[in-house]
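Participant: coordinates for the following, if possible.
(2 chains)
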Amino acid sequence: MKNLLCLHGLGCGGDTISLLNAEEPDLLTALEMLEINVAWHPSISLEKGDDVKQICADFASGKRSLDLFIVEGAVPTGPDGTGRIFEFLDRPFIDWVRDLAAVAEYTIAVGTCATSGGIPSANPNPTGANGLQFTRDKTGGILGTDYRSKAGFPVINIPGCPSHPDWILESLYLIATGKLLHEHLDYANRPAHFFNNLAHHSCPRNEFYEFKASAEEFGQMGCLFERLGCRGTQCESDCNIRLWLGRTGSCTRGGYPCISCTSQNFPLPDINYFKTETMAGVPKALPKDVPKAWYIGMVGLAKMATPERLKINAVSTQNKYRKKGEGQS
Amino acid sequence: MSKTISISPFNRVEGDLKIKVKIEDGRVADARASGTMFRGFEQILKGHFPEDAVIYTPRICGICSISHSVASSNALAAISEAFVPSRNGQLAKNISHATENAMSHITQFYLYFGPDLLNKKYTGFTYYPAMEKQMTGLKGESVKTIMSERKRFLEILGLIGGKWPHTLALQPGGITKALTTSDIFRIKGILRHFTGVMETVLLGMPVKDYLSIKSIQEFDSAFTEEDIDKSNLALFYHFAKAAGFFDMGKGPGKFIAAGAYPRPDGKPFIPAGYWNNGVHPLDISKITESIHYSFFDSGKPVSDPHKDVSVPRHDKPHAYSWAKAPRYKGEVLEVGALGRQLISGDALITELFSRHGSTVFTRVFARLHESVKLLNEMDTWADELSADEDYYAKNTLKQNAEGIGLTEAARGILGHWISVENGKIKNYQVITPTGWNASPQDEKENHGALEHALIGLRIEDEGNPAEIEHVIRSYDPCLVCTVH
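Facilitator: Have a look, this model is predicted:
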């Protein structure tokens, strides 16, 4: 059995809540399949107070082997680097995280707060919140750029606000079965097979995107990129392929813009997330890897070719266009 | 004989709670509840576009996320030019909000409160074997059923909100998605299925029959000792009676509720009110926050939330919690399902309350009772949804304004106080339900509700103070919300 310890820093508990929605396999089955023993988890374990201290101390001293160390939530360094603003088991939380990461076979940051600071690290970052090995897109975090767990890996980052249960459990599957390779991780030390897709992939609004038929208000069917702030073409995740909550939804399927919550720089300062910022009519944030000149060229062509059907449906709440289409026999 | 017990972290609550109690002669003589974690949402929100409050504030809490969506969208509605929210959108907001709240109640009972009923203290009870079979943490038959069925129930939030927690679908004018016939039918199907699960596991009878029970006498004849194997509610009821929960952990017994789930006829499903030996009107302007024992500095000890400019100070002498101490007319109140059901005039809850007051049993029972009522009401809302009308009405925010967004989270009244200046957030204050229930002492040394309920509590075995756990979890504390 592999021992798993999970600690919560500055966060909302949302990644755990999300994890409870795991299916195929569900959480308990997955733990059984992967032969993982949950040594302690703040939301589901029976131990409290001093018993928890004993569990953590036994891991930190090496008396018991810590195979999987998960942190959810950011780690505060305030005030003045002491981390005393958040004490856990009579010590600054940051000290526990450093001690336990030093003995862990694998250290795993779950959720954008733990991977890169997330919401608590937003300006003015009142607590000095950091991610484990990144703070926003700067490497380092509280463990330092050179940190490697006993298995030789950097902190394995599974961002998202919240993280998808599959991202967590499938990563644990790779890790616990020894299948995780260094080349599986991307520039942000995330398992690439989730995070090197775009939230845009498989978005049901893609035809509207292609022909630049855009929604003007919430509740309309068109693409959310041009006016309503959608970052799905920049957000590295597989949300629209994978889908959430029993594969019933995603952000853009829910009619609101992707805010790129898996990004290291989430949340972005000084923007209105529900409005696309433009310069001379061109969105400031362009789709990933698409140069501006090409984008402008593509849009010009696409707008000339927009079918009537898409123009009408884009600003309608449901499919409104009823005519027989061209090209139909 | 005096003994101090300090429990930190106190597990199976949302967030970081520290409990310190002094026991003298087998009774709790003093109690302190501390929220130990702090992020600084109120500082972070300053200077942001007000629209983004619906992005930031749900992320205060992973389990009350939609309640914050509702409160923040209500706050934005309060600072908008006149507009009429979408009728459909409001119904869909109600359905998603009720899904979160009902699920929170049910999850709390099975995952957080329930495991304490297997405390070694109760091994000799007649009901223990049944409890062990149904309620053992993560292994009991009922617990396993609920763990798997809650996910299916939450698919309602996938259909309406895309994902959960932290959907952005809930906006001042409705929701961002126009539901299709397919969505509506699926929502109804999921509701039907989950209602069936509750009927089989929790109630042991049809919801309609359960809701016809209006008195303790009727309840007693419907949930007898013979029913404990087919109804978790019967099992809990008889167990609670034997374990002394009916009179354990008396709270202050005064409540407020904000009102929630506005219906198309203009009447909210949960009315607003102030309960003090009967229902009185709620006057929001009477809410203040004390920071006397909180890790905040301010020019004055008590503030109107709109004018609260307190700043964090982690080393403030004598302070012991990151929670502030909200008070109503200066009084210590409780919030949550029990207060809501009293203010709603629920006959069964009113009779139980008049007999026992606010206790471990009445607080836990009111949550389960309310979740059944919510499931039933949600179906009528789903019937009123139309696939041929809009779900969203656009609102325009004022550039300079103050507004309050109120609603009921699972644990009680939730308020967001927003001030905007030149189109940006100038001040944003959040008062959460557990802020009320687990508040520290105020400047007059009055204890918060949870501390109040602990003081005087009789502890049978100081080495195994199960009673403390029952009282604390009967308030279903959510500390991540509280400290924000």
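
Participant: neighbours of residue 254, just the number please.
Facilitator: Went with chain A since none was named. Using other C-beta atoms under 10 Å in any protein chain shown, the number of residues around A:Gly254 comes to 25. From N, CA and C alone the C-beta is placed, and that goes for glycine too.

Participant: that answer is for a different chain, and I need it for chain B
Facilitator: Around B:Lys254 there are 18 residues (other C-beta under 10 Å).

Participant: hang on, it packs against B:Trp275?
Facilitator: Yes - with contact defined as C-beta atoms under 8 Å, B:Lys254 reaches B:Trp275; the gap is 6.2 Å.

Participant: give me the phi and psi for B:Trp417.
Facilitator: phi -110, psi 120 (degrees, to the nearest 10).

Participant: and the helix or strand encompassing B:Glu451 with chain A, contact?
Facilitator: Using DSSP states H and E, B:Glu451 sits within helix B:449-454. No - judged by C-beta under 8 Å from any C-beta of the partner chain, helix B:449-454 stays clear of chain A, getting no closer than 15.6 Å.

Participant: chain center to that helix, what's the gap?
Facilitator: Relative to its chain's centre, helix B:449-454 lies at 17 Å (C-alpha atoms, centre = their mean, to the nearest Å).

Participant: tell me the helices and strands packed up against that helix.
Facilitator: In terms of contacts (3 or more C-beta pairs under 8 Å, 6 or more residues apart in numbering or on different chains; DSSP states H and E), helix B:449-454 is packed against strand B:27-35, helix B:433-437, helix B:466-474.

Participant: what comes into contact with that helix?
Facilitator: B:19, B:21, B:28, B:31-33, B:249-252, B:332-334, B:358, B:436-441, B:468, B:471-472, B:474-475, B:477 (C-beta atoms under 8 Å, 6 or more residues apart in numbering or on different chains).

Participant: apply 7 Å and report the result again.
Facilitator: B:21, B:28, B:31-33, B:249-252, B:332-334, B:436-438, B:468, B:471-472, B:475 (C-beta atoms under 7 Å, 6 or more residues apart in numbering or on different chains).

Participant: the residues you listed: which ones sit near chain A?
Facilitator: Here nothing survives when the contacts of helix B:449-454 are matched to chain A using C-beta under 7 Å from any C-beta of the partner chain.

Participant: parallel or antiparallel, which strands does the lowest-mean-pLDDT helix or strand in chain B pair with?
Facilitator: Across the helices and strands of chain B, the lowest-confidence element by mean pLDDT, DSSP states H and E is strand B:302-303, at a mean of 84. Its sheet considered, strand B:302-303 pairs with strand B:287-290 (antiparallel) by DSSP bridges.

Participant: which residues touch A:Thr278?
Facilitator: Contacts of A:Thr278 (C-beta under 7 Å, 6+ apart): A:Lys284.

Participant: please tell me how far it sits from A:Leu245.
Facilitator: Using C-beta to C-beta, to the nearest Å, we find A:Thr278 at a distance of 33 Å from A:Leu245.

Participant: where does B:Ser358 sit: helix, strand or coil?
Facilitator: coil (DSSP: H, G, I helix; E, B strand; the rest coil).

Participant: return the distance of the nearest residue to it once chain neighbours are set aside relative to B:Glu451.
Facilitator: Excluding the flanking residues, the one nearest B:Ser358 by C-beta to C-beta, 6 or more residues apart in numbering or on different chains is B:Gly251, at 3.7 Å. Noted for B:Gly251: a distance of 10 Å to B:Glu451, by C-beta to C-beta.

Participant: any stretches of chain A with poor pLDDT?
Facilitator: Applying pLDDT under 70 to chain A flags the ranges A:326-329.

Participant: what about the residue most central in space within chain A, is that helix, strand or coil?
Facilitator: In chain A, the residue lying closest to the centroid (C-alpha atoms, centre = their mean) is A:Gly160, at 1.6 Å. Under the three-state scheme (three-state DSSP), the conformation of A:Gly160 reads as coil.

Participant: now do the same contact list for it.
Facilitator: Taking C-beta under 7 Å, 6+ apart, one finds A:Gly111, A:Thr112, A:Trp167, A:Ser237, A:Cys261, A:Thr262 in contact with A:Gly160.

Participant: try 6 Å this time
Facilitator: In this structure, A:Gly160 makes contact with A:Thr262, judged by C-beta atoms under 6 Å, 6 or more residues apart in numbering or on different chains.

Participant: from B:Asp476, how far off is it?
Facilitator: 26 Å.

Participant: how about the nearest residue to A:Ile17, chain neighbours excluded?
Facilitator: In space, A:Ile17 is closest to B:Gly62, 4.2 Å off (C-beta to C-beta, 6+ apart).

Participant: and for that neighbour, the neighbour number?
Facilitator: Around B:Gly62 there are 28 residues (other C-beta under 10 Å).

Participant: how close does it sit to B:Thr180?
Facilitator: 29 Å.

Participant: so which residues on the stretch 301-450 of chain B come close to chain A?
Facilitator: Within the stretch 301-450 of chain B, the positions adjacent to chain A are B:His314, B:Asp390, B:Tyr391, B:Tyr392, B:Lys394 by C-beta under 6 Å from any C-beta of the partner chain.

Participant: most surrounded residue in these?
Facilitator: B:Tyr391 (29 neighbours).

Participant: just to check, that residue is in contact with B:Leu91?
Facilitator: No - if you go by C-beta atoms under 6 Å, B:Tyr391 and B:Leu91 don't touch, sitting 8.9 Å apart.

Participant: endpoint to endpoint, stretch A:153-166 covers what distance?
Facilitator: 21 Å (C-alpha to C-alpha, to the nearest Å).

Participant: coming back round to it: so for B:Gly251 and B:Glu451, which sits in the more crowded spot?
Facilitator: The residue with more neighbours, out of B:Gly251 and B:Glu451, is B:Gly251; 28 against 23, by other C-beta under 10 Å.

Participant: my read: the more buried one touches B:Val360, true?
Facilitator: No - using C-beta under 6 Å as the test, B:Gly251 is too far from B:Val360 to be in contact (9.6 Å).

Participant: ranges for the helices of the stretch 201-329 of chain A?
Facilitator: A:206-210, A:239-242, A:292-305, A:308-314 (DSSP state H, counting those that start in this stretch).

Participant: sweet, I'm off.
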